[in-house]
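K.L.:
Sequence and computational prediction follow.
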Amino acid sequence: MIEVSGLDRPGLLYQLTTAISKLNLNIASAHVATFGERARDVFYVTDLLGAQINAPDAAGRDQERTDPPARQ
């Protein structure tokens with residue numbers, strides 16, 4: 001599962017799905033929501049064969065990133 005939360009902007013969903021594709025992952029299901037100017041997107045991903053992804057070193061680890069500065 002990949003969960004993304006941050007400021008919504010044009011092209012955000014495209015950028016997220018492109019990044020997931022470049023990781024050679026399939027999106028099995030996606031739940032996309034916006035709340036005002038905030039976006040919360042959850043992607044359930046599998047490997048290219050449809051199998052669950054197991055990454056023992058990443059289990060239980062959350063990575064938070066701040067929103068990039070707005071372009072002017």
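P.N.:
Sure, I can see it.
K.L.:
CA atoms for contacts and neighbours, from now on please.
P.N.:
Fine.
K.L.:
got the contact list for the closest residue to residue 52 other than its chain neighbours?
P.N.:
With sequence-adjacent residues excluded and distances taken as C-alpha to C-alpha, 6 or more residues apart in numbering, residue 52 is closest to residue 46, at 5.2 Å. By C-alpha atoms under 8 Å, 6 or more residues apart in numbering, the contact list for residue 46 reads 25, 26, 27, 28, 52, 53.
K.L.:
Tell me how far residue 38 lies from residue 1.
P.N.:
20 Å (C-alpha to C-alpha, to the nearest Å).
K.L.:
any idea how far residue 1 is from residue 37?
P.N.:
From residue 1 to residue 37 the distance is 23 Å (C-alpha to C-alpha).
K.L.:
and what of residue 45?
P.N.:
Plainly put, residue 45 is 25 Å away from residue 37 if you go by C-alpha to C-alpha.
K.L.:
Who has more neighbours out of residue 1 and residue 37?
P.N.:
residue 1 (14 against 9; other C-alpha atoms under 10 Å).
K.L.:
That one contacts residue 42, correct?
P.N.:
Yes - Residue 1 lies in contact with residue 42 (C-alpha atoms under 8 Å); the separation is 7.0 Å.
K.L.:
give me the number of residues near residue 50?
P.N.:
Residue 50: 12 neighbours (other C-alpha under 10 Å).
K.L.:
three-state assignment of it?
P.N.:
Three states are possible here, and by DSSP: H, G, I helix; E, B strand; the rest coil the one that applies to residue 50 is coil.
K.L.:
and what of residue 16?
P.N.:
helix.
K.L.:
residue ranges of the helices in this structure, please?
P.N.:
12-22 (DSSP state H).
K.L.:
Can you list the low-confidence ranges for it?
P.N.:
Along the chain, segments meeting pLDDT under 70 span 55-72.
K.L.:
one more time with 50, if that's ok
P.N.:
Applying pLDDT under 50 to the chain flags the ranges 57-62, 71-72.
K.L.:
show me where it has strands.
P.N.:
Remark: strands assigned in the chain by DSSP state E are 2-7, 26-35, 38-46.
K.L.:
And for stretch 16-24, what's in contact with it?
P.N.:
Contacts for stretch 16-24 (C-alpha under 8 Å, 6+ apart): 26, 27, 47, 48.
K.L.:
Fine, thanks again, bye for now.
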